[in-house]
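Q: fold the stuff below for me.
(chains A and B)
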Amino acid sequence: MSGQTLFKKLWDAHVVHVEPDGTTLLYIDRHLVHEVTSPQAFEGLKLARRTPRRADAAIAVPDHNVPTTDRSQGIADPVSRLQVETLDANCAEFGITEFRMDDIRQGIVHVIGPEEGLTLPGMTVVCGDSHTSTHGAFGALAFGIGTSEVEHVLATQCLWQKPSKTMLVKVEGQLGRGVTAKDVALAIIGEIGTAGGTGYALEFGGSAIRALTMEGRMTLCNMAIEAGARAGMVAVDQTTIDYVKGRPYSPTGAAWDQAVAWWNTLHSDADAVFDRVVELDAATIAPQVTWGTSPEMVTTINGRVPDPAAAPSEVKRHDWTRALEYMGLQAGTPVAGIAVDKVFIGSCTNSRIEDLREAAAVASGRKVASNVKLAMVVPGSGLVKQQAEAEGLDRIFLAAGFEWREPGCSMCLAMNADRLEPGERCASTSNRNFEGRQGQGGRTHLVSPAMAAAAACAGHFVDVRNF
Amino acid sequence: MQAFTVHDGLVTPLDRANVDTDAIIPKQFLKSIKRAGFGPNLFDEWRYLDHGEPGKSNHDRPLNPEFVLNQPRYQGASVLLARENFGCGSSREHAPWALEDYGFRAIIAPSFADIFYNNCFKNGILPIVLDAAVVDRLFRECGANEGYALTVDLDKQTVTTPTGEAIPFDVDAGRKHRLLNGLDDIGLTLLQADRIKAYEERRKVEAPWLFA
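A: Down below sits the predicted model:
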C-alpha cells in the first residue's frame, strides 16, 4: 500500500461523517470573516433564528473597503461604511472577535491569520474569499467558500465536501538572484494554465519550495486559486514551526509539544501517489510579467507580447486578441520597456514584511520615475506597517517618492478609493489582471514586489536582476 | 432555495473563455449587504457603456449594443451558454446571485471554476458540464437559429435540443437531490448534530489547542 498525501492526512483528520456516495461532512477549525462576503450570511442566520456553533473558531476583520489614507474621519463612502459597520454589529451581536479598523492588528484577512497564529498547521481554514488558499502554506487545508457556506460554517462548524484530486507541483533546484515566490507562482500558472488546477488540491514541493520562507510559501499558495485550485499547500517543516512559535494565538506549554508532535507528521509520505505531478526547474525561472487579462497570460521580463496568430487554439486566439486590445499592446512588443502609469505594492499576495523589504531594497537610493503618476505601498497589516517602520522601510519608500499607506486590500480590487482610471497601466504585486479588476478600463501587469519597485523607478518594466 | 426540476428556456451564447466573477459582477456592487437586486448589474462593464455604481439607476444608462445580453433576440433568456473555466477568480456568491436575479437558471459550459460551480447549487442554478465539442456545436446552432431554446431535465440529467436530441450530463447525486427538492443545506447538516458533537469531543483530547 502506498503512503498518504498531505491532503489525505489533513482530510482524514477532519471527517465527521461520510455519506454512501462519498460526500463528506468536514469539520472546520478556523473561520476567517471579512465585511464583503459575510453580511448576507449573518442575515440568513438571524432569519432562521440560529446562532454560531463556535463563535470562538471565527475571527473577523474589515479589509476590502477600508481606506488606506487617514482613517480618523472614518470611511467617506457611505455604502462602504455601512458594510464595515454591519460587520462590527454582527460580530458584537454574536460574540465573534474582530480586529476593527482602528486596531493595530487590523489588516488583510490572509495576512493577519498567520501573523496572529490564528492559522496553524493541520487546521482546516475557510473564508469567504478565494485567496484563503494562502493558509495552506502552513500545512493546513485552506480554501475559499461562498456566502451560503459562510452561513453554513457559522451554523454548523462543518461543510459538505468531496475529496479533491491531488497534484504535486515539484520545483527542484535553486532560484536565481532576484527571482521570488511570485515568479514561481506565475511560472507555474503559465505552465498549467488558470484552469490547470481545477478539481485539484495542489501541493508545492521540491528543494526550491523547502528553501522558501513562510512569506514566500504564502505567496505561492495564495496564487493556487489563480491556477484554478481551491487549495494549495506546503508540508510542515522546521521553517513552519519556527514561524508559528510564540504568536499570540499559538499554543503554549504542553499543548505546544502535543501540537508539534502532530504537525511533524504533516507531509506527504515518500511513496504517496498523486493524481498528477508537474515538475519545474527552479534555475530556469526568470522574473515574470503578465501581458494579458488572465494570470496565465504571462511571460518573462525578457519575453515579448505574443502574437495571437501563434495561439494554440481558436478559443485562445480569440482571447489573446481581445486581451491585447484591452491592454493596448501590440504583438511582438518587448515586455521590458512597456511604460507604466501606476505601481501598486500590496495585496494578500505580496504585502508582508519580506515583500516590503525586497521592494525597499530596490527603491533604496532611487526615485520614482517622472512618468509614474502614483507608486503606492500598502502594508498587509498594522503590525507589518509597524515592523516596516521600525526597520526604516517607510523612509526609504517616501524618499524615493512612493506613498506609504494604511493596511488593507486597496488597489488589488479597488473596492475602496484606490483604483486605476480607464487606460492606466499598472505594475502590480496583486494576483489578478482581469479586465476592470483594479478599476474599469485599468490595465494590470502582475509582477513581484522587487519587479514592481524597479518598474516604478525605471518608469517601465525592467529586469530587476540587472537593475 | 428554489427547486430545479425541468427548465425550458431561451439560450444566450457568451462566447468567451475564462469569464471571471469580477466580470460577472464588478466589485463596487459587492458593497451591498443584501442578497437580491444584482441582476441589473450582471456583466455591468460589458453591458453598459458608462460606469455603474451601486445606488445609481440603471434604466437610463447607455447600453453596449455589441454585448450579447443586449441583443433583442436574446431578451428573456434563461439558459447561458458559455466557454471553458466559467466563473473563475473571486469566490463572490454575488456572481450566482446576479445571474439568478437576471433570470438565468442553467449555465452550460465545457468547464467551471470550482467555487463558482459549488455556489450555483446553493442558489437554484444548475451548472452543466458538456464536452467542449458539444458546447461548440450548441454555439453554432444557437447562432444560426433565432429563438433557440433548450430543455434541461435535472432528474433525467439531459439537455434536449430543439430537434429532440437528448444530451446526457453528469451531476453529483447529493447536489442533484438537494437541488431537485430545493433543500436547505444547513437544516440537513443540523440533523448530524450528534456526530458533530462526538467529533468535537474526540478532537478536544487529540488536539486541545484547537479549542483553547
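Q: contacts, neighbours, all on C-alpha from now
A: OK.
Q: check residue A:1 and give its pLDDT.
A: At residue A:1, the model reports a pLDDT of 64.
Q: would you agree residue B:179 falls within a helix?
A: Yes: Residue B:179 forms part of a helix when assessed by DSSP: H, G, I helix; E, B strand; the rest coil.
Q: contacting residues for it?
A: Listed by Cα atoms under 8 Å, 6 or more residues apart in numbering or on different chains, the contact partners of residue B:179 are B:2, B:3, B:4, B:5, B:121, B:124.
Q: and what of residue A:168?
A: When contacts are taken as Cα under 8 Å, 6+ apart, residue A:168 is in contact with A:202, A:203, A:204, A:205, A:274, A:276, A:277, A:278.
Q: circling back: now, the contacts of residue B:179 that are in helices?
A: Using DSSP state H, residue B:121 are the members of these that sit in helices.
Q: a markdown table for the contacts of residue B:179, including pLDDT and neighbour count?
A: Shown next, in a markdown table, are the contacts of residue B:179 (pLDDT from 0 to 100; neighbours: other Cα atoms under 10 Å in any protein chain shown):
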| residue | pLDDT | neighbour count |
| --- | --- | --- |
| B:2 | 87 | 14 |
| B:3 | 94 | 16 |
| B:4 | 97 | 24 |
| B:5 | 97 | 18 |
| B:121 | 96 | 20 |
| B:124 | 95 | 25 |
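Q: now for the chain: which strand has the highest residue count?
A: Using chain A here. strand A:165-172 (DSSP state E).
Q: that was the other one, I meant chain B.
A: strand B:6-13.
Q: what does stretch A:238-253 contact?
A: With contact meaning Cα under 8 Å, 6+ apart, stretch A:238-253 is reached by A:114-118, A:120-121, A:138, A:213-214, A:256, A:259-260, B:209.
Q: residues near residue A:22, how many?
A: Residue A:22: 12 surrounding residues under other Cα atoms under 10 Å in any protein chain shown.
Q: so it sits against residue A:164, correct?
A: No: Residue A:22 is beyond contact range of residue A:164, at 11.5 Å (criterion: Cα atoms under 8 Å).
Q: mind jotting down where the helices sit in chain B?
A: Here chain B has its helices, by DSSP H, at B:21-24, B:44-47, B:94-102, B:114-121, B:132-144, B:173-181, B:185-190, B:193-206.
Q: just put these in CSV and tack on distance to residue A:427.
A: Formatted as CSV, the helices of chain B follow (distance: least, Cα to Cα, whole Å):
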stretch, distance to residue A:427
helix B:21-24, 19
helix B:44-47, 22
helix B:94-102, 27
helix B:114-121, 28
helix B:132-144, 35
helix B:173-181, 42
helix B:185-190, 43
helix B:193-206, 46
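Q: indicate which one of those is closest to residue A:414.
A: Closest to residue A:414 of these, according to Cα to Cα: helix B:21-24, at 11.3 Å.
Q: what's that closest one packed up against?
A: On a contact count with 3 or more Cα pairs under 8 Å, 6 or more residues apart in numbering or on different chains; DSSP states H and E, helix B:21-24 meets helix B:44-47, helix B:94-102.
Q: quick check: which of the ones you listed is nearest to residue A:311?
A: helix B:44-47 (24.3 Å).
Q: CA atoms only for that closest one - export them in PDB, please.
A: Only the C-alpha atoms of helix B:44-47 are listed here, as PDB (Å, rounded to 0.1, in the frame of the first residue of the first chain):
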ATOM      1  CA  ASP B  44     -22.000  45.600 -15.900                       C
ATOM      2  CA  GLU B  45     -18.800  46.600 -17.600                       C
ATOM      3  CA  TRP B  46     -19.600  44.800 -20.700                       C
ATOM      4  CA  ARG B  47     -23.300  45.500 -20.700                       C
END
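Q: near chain B, anything from stretch A:226-237?
A: Yes: using Cα under 8 Å from any Cα of the partner chain, stretch A:226-237 reaches chain B at A:226, A:228, A:229, A:230.
Q: which of the residues you listed fall in helices?
A: Under the assignment DSSP H, the residues of stretch A:226-237 next to chain B contribute nothing to helices.
Q: counting neighbours, which of the residues you listed comes out on top?
A: Using other Cα under 10 Å as the neighbour test, the residues of stretch A:226-237 next to chain B are led by residue A:230, with 31 neighbours.
Q: check contacts around it.
A: With Cα under 8 Å, 6+ apart, residue A:230 has these contacts: A:130, A:133, A:142, A:143, A:144, A:198, A:199, A:200, A:201, A:224, B:114, B:115.
Q: just those: which are in helices?
A: Using DSSP H, the members of those that fall in helices are B:114, B:115.
Q: scan the contacts of residue A:230 and report the most crowded one.
A: residue A:224 (35 neighbours).
Q: OK, contacts around the residue lying closest to it once chain neighbours are set aside?
A: Distances taken as Cα to Cα, 6 or more residues apart in numbering or on different chains place residue A:232 nearest to residue A:224, at 5.3 Å, with adjacent residues excluded. Shown in contact with residue A:232 (Cα under 8 Å, 6+ apart): A:133-134, A:136-137, A:141-142, A:201-204, A:221-222, A:224-225.
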